[in-house]
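K.L.:
Sequence and predicted model, in that order:
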Amino acid sequence: MRDVLAEALKDRRADYIEIHVEEREATRLSFRGRELEEISTTSDLGGNVRALVKGGWGFASFNDISTLREKVELAVEHARAVGHEKSKLAPIAPVVDVIHLAIKKDPRLVPLTEKKHLLDSYAQLCSSVSPKIQTTRSNYGETFRKLYLANTTGSYIEEERLDITTSVAALAREGDNVQQGHVSAGSADDYGAVEHLHDQVEQAARRAVSLLSTKPVKGGEYTVVLDQKLAGVFAHEAFGHLSEADHVYENPELREVLVLGKRFGGPILNIVDGAAIDRPGLRGSYKYDSEGTPAQKTYLIKEGILVGRLHSRETAATMNEKPTGNARAINYRFPPIVRMTNTFIEPGKVTFDEMIADIEEGVYAKGSFGGETGIEMFTFSAEEGHMIRNGKIAEPARGVLLSGNVFETLQNIDAIGDDIRWHNGGGCGKGGQSPLPVSMGSPHIRIRKCVVGGR
């Protein structure tokens, strides 16, 4: 493969060219209730060429590697048609490397019938919890990819990657009242991460049934404690996307707000992103990004101060900053764009009991059904909630909807727990590329003056 790619890169009139080739094997299963809706195994090979000429990019993808030279010429031709400025790419050292993935339990060695039985057992377990469980949705996916990258600066990289996910949702109904319980999990190196979720699946189904009789929270301004999952989603959705440099340099308003060195929180607050986080199995981990930049650990906020953002080589050059290894493409059909990897809030020193001890009336929000963000404003829906009364967890509450200004909310984080956990079951969407494998982590966090919508 190296010789084929090197030959295709010869004698091309462009400021920069890179070639990606991807070999892919994938398995998908999907149940609605006990009915199998989809089961598939696929394999394919494809790739793309990106060319840069006078600041203009050309892109061409292919499924037949014998057409590679033609695709290089096509990408260069497209780049020449749109390029009218000076090309800018932050320099990185050329690298030659081959990375083999260390897999704990390889899903490719697990029979398809066994995967089907696992999903079916999760669906059956949900249904057995209560006759109020109306239906379930269960999904499993795995993708093994071998990636090849070569460019005109002399880099040649081969890297293996694996992504495994499963999710189970139980819907409970009582008249017009419909509630949901959900569990998801994943791994970048171990099928075992999705095998033994029976206790969590049962709890999700019971939670859906319990929510049918739970009273909605009374709307208002509260001190709110977020569990690890919701806090990790907040870090990713509300702040992580704002840290992607293409958002910043394309938006004059954000450039004025997100100035490096500006305080955005108290000294206890540290938010980090990086594919080089030293923890096995994180789905956002890799050794090199889609441009061949080595994976890194990047502080976005350190001790409350904005100290970094996420970059491709182009955004780093444009903003006169260093590349961070965050140029990612979901597959060979797309060019790389600036994306998060493993995003988390670093743990503090406060225990959960200490965090809630002095709250007279507050809300404990757990899990996430997702939400919306728009520059500074966010809205998140918690999976479940409890009231906090006189320093103790009290009655359950549903319909916990958190909203506010992300910068004010960061300033209002006044306690960070010592109990970090990672959520490996999510995916990220941006620029039509979804779901990109990512991981999110956080300890419990406490936020003063948080607006909670409800009854």
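P.N.:
Right, received. Where do you want to start? Being a predicted model, the structure only gives us computed values, none of them experimental.
K.L.:
shaky segments in the protein?
P.N.:
Applying pLDDT under 70 to the chain flags the ranges 454-455.
K.L.:
State which helix of it is the longest.
P.N.:
In the chain, with assignment by DSSP state H, the single longest helix is helix 112-129.
K.L.:
buried residues in the helix or strand that that one is followed by?
P.N.:
As assigned by DSSP states H and E, the chain's next helix or strand after helix 112-129 is strand 133-151. Neighbour-count burial for strand 133-151 flags 133, 135-151 (criterion: 16 or more other Cβ atoms under 10 Å). C-beta coordinates here come from the backbone N, C-alpha and C atoms, glycine included.
K.L.:
any idea where the helices of the chain begin and end?
P.N.:
2-8, 68-82, 112-129, 198-212, 228-234, 245-249, 252-257, 313-318, 352-356, 406-411.
K.L.:
among these, which is the most enclosed?
P.N.:
Most buried of the helices of the chain by mean neighbour count (mean count of other Cβ atoms under 10 Å) is helix 228-234; its value is a mean of 26.
K.L.:
Which other helices and strands does it contact?
P.N.:
strand 342-345, strand 361-366, strand 377-381, strand 421-423, strand 439-442 (3 or more Cβ pairs under 8 Å, 6 or more residues apart in numbering; DSSP states H and E).
K.L.:
any idea of the angle the longest helix of the chain forms with strand 133-151?
P.N.:
140 degrees (axes from the mean of the first three to the mean of the last three Cα atoms, to 10 degrees).
K.L.:
Count the neighbours of residue 221 for me.
P.N.:
Neighbour count of residue 221, defined by other Cβ atoms under 10 Å: 11.
K.L.:
so it touches residue 451, yeah?
P.N.:
Yes. Residue 221 is within contact range of residue 451, at 5.7 Å (criterion: Cβ atoms under 8 Å).
K.L.:
give the contact list for residue 297.
P.N.:
272, 273, 274, 276, 277 (Cβ atoms under 8 Å, 6 or more residues apart in numbering).
K.L.:
Look up the closest residue to the third one, ignoring the ones flanking it.
P.N.:
Closest residue to residue 274 in three dimensions, ignoring its sequence neighbours and counting by Cβ to Cβ, 6 or more residues apart in numbering: residue 297, at 3.6 Å.
K.L.:
Got the domain ranges for this protein?
P.N.:
The record's domain split for the chain, according to automatic domain parsing, is 2-212, 220-453.
K.L.:
Tell me which of these sits most buried.
P.N.:
domain 220-453 (a mean of 20).
K.L.:
Figure out the length between the terminal residues of that domain.
P.N.:
When the termini of domain 220-453 are compared using Cα to Cα, to the nearest Å, they are 7 Å apart.
K.L.:
so how far is that domain off the chain centroid?
P.N.:
Centre-to-centre, domain 220-453 and its host chain are 10 Å apart (Cα atoms, centre = their mean, to the nearest Å).
K.L.:
Return the distance of the residue nearest to residue 274 relative to residue 93.
P.N.:
Remark: distance between residue 297 and residue 93 (Cβ to Cβ, to the nearest Å) = 18 Å.
K.L.:
Likewise for residue 423?
P.N.:
34 Å.
K.L.:
Please apply the same query to residue 346.
P.N.:
29 Å.
K.L.:
Then residue 453?
P.N.:
Remark: distance between residue 453 and residue 93 (Cβ to Cβ) = 50 Å.
K.L.:
wait, residue 273 sits on residue 342?
P.N.:
Yes. Using Cβ under 8 Å, residue 273 makes contact with residue 342 at a distance of 6.7 Å.
K.L.:
which residues does the closest residue to residue 48 other than its chain neighbours contact?
P.N.:
Closest residue to residue 48 apart from its sequence neighbours, by Cβ to Cβ, 6+ apart: residue 61 at 4.2 Å. By Cβ under 8 Å, 6+ apart, the contact set of residue 61 is 46, 47, 48, 49, 71, 332, 333.
K.L.:
go with 7 Å
P.N.:
46, 47, 48, 332, 333 (Cβ atoms under 7 Å, 6 or more residues apart in numbering).
K.L.:
all strands for the stretch 251-400 of the chain, in order.
P.N.:
Using DSSP state E, counting those that start in this stretch, the strands of the stretch 251-400 of the chain run over residues 271-273, 298-302, 305-306, 327-328, 337-338, 342-345, 361-366, 371-374, 377-381, 384-389, 392-397.
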